[in-house]
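Trainee: any chance you could fold what I've pasted below:
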Amino acid sequence: MSVPPVDVPVPARVRALAADREITPVWVNQLGGVTYRATGAEDALYIKYGPEPTAPEAERTAWAAAHLGTGGTRVPHVVGHGSEPVHDAAWAPPARVSPGATPTVRSGSAHWLVTTALPYASAVEQRWLAEPGTAVRALGVGLRRFHDALTPAACPYRWDVPTRIHAAREAGRDVPEQLWDAPEPARLVVCHGDACAPNTLLDEAGEPRAHVDLGRLGVGDVWGDLAAAVFSLGLNYGPGWEASLLDAYGIDPDPGRLDYYTALWHAT
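Mentor: Below you'll find the predicted structure:
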């Protein structure tokens, strides 16, 4: 994900969902979907709008909210979601854009998800980019709290290797055959599914408080999430932070599983 240009178009649907709130684009993802913050006098919402179906994220986020209990981490409240055909000369979801690029015009289907804003900041906001030691520790601690708070046996969703490979092939991606032979899971957890640094939210003291973007949540090997988290460290904080994250999580290094799930992350 990356910060979009300030002049990124705002679809009519987003304006309607925001009502009288002020709209600011905050993220553009690799599929060209844009997340907007809608800020009002009394509350704020996040509105995700783009080509990727949002029903899976809405369902998984609601499930996580109902099962996290008092585990020390939160997820947003889902306000609503839906879809519509797009024939808008001002905006339409592109098939794929490069980070930082402005979405291009294309007709098709668009999907939206509206969630409440939480009173925390992403681990890749400028303050935490300047304090990588604090941010990396928070990523490890926060991911461990997330995993410990959810029970795999209670989760109806999967994010194991066969599920991920099947989804990738359904989307037209060619998954190398060597990735079909997965290592035995080290520990089954309810994986976040996209445990990259931007999706962990920190409070003012640098403590992990919440997680967002749960569209792939499901039961899988803990190293599936750890590989995504480790991969994102270099993109956001520079090299050399892997050991700090694993230490904060409380797990010994496992180069074999880390390499496998990193390759799977790129392929799926």
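
Trainee: give me the distance between the helix or strand bottoming out on mean pLDDT in the chain and the centre of its chain.
Mentor: Least confident helix or strand of the chain, by mean pLDDT, DSSP states H and E, is strand 22-28 with a mean of 91. The chain centre lies 16 Å from the centre of strand 22-28; the measure is CA atoms, centre = their mean, to the nearest Å.

Trainee: tell me what that strand is packed against?
Mentor: Judged by 3 or more CB pairs under 8 Å, 6 or more residues apart in numbering; DSSP states H and E, strand 22-28 is in contact with strand 34-39. C-betas here are computed from N, CA, C, even on glycine.

Trainee: can you check what angle separates the least confident helix or strand of the chain from strand 34-39?
Mentor: Inter-element angle recorded for strand 22-28 and strand 34-39: 150 degrees (by axes from the mean of the first three to the mean of the last three CA atoms, to 10 degrees).

Trainee: would you map the strands across the stretch 1-150 of the chain?
Mentor: Secondary structure of the stretch 1-150 of the chain (DSSP state E, counting those that start in this stretch): strands at 22-28, 34-39, 44-50, 78-86, 108-116, 121-122.

Trainee: same list (these) but as JSON lines, adding mean neighbour count and distance to Asp203.
Mentor: What follows is these, written out as JSON lines (neighbours: other CB atoms under 10 Å; distance: least, CB to CB, whole Å):
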{"stretch": "strand 22-28", "mean neighbour count": "18", "distance to Asp203": "19"}
{"stretch": "strand 34-39", "mean neighbour count": "21", "distance to Asp203": "18"}
{"stretch": "strand 44-50", "mean neighbour count": "23", "distance to Asp203": "16"}
{"stretch": "strand 78-86", "mean neighbour count": "15", "distance to Asp203": "22"}
{"stretch": "strand 108-116", "mean neighbour count": "20", "distance to Asp203": "16"}
{"stretch": "strand 121-122", "mean neighbour count": "18", "distance to Asp203": "8"}
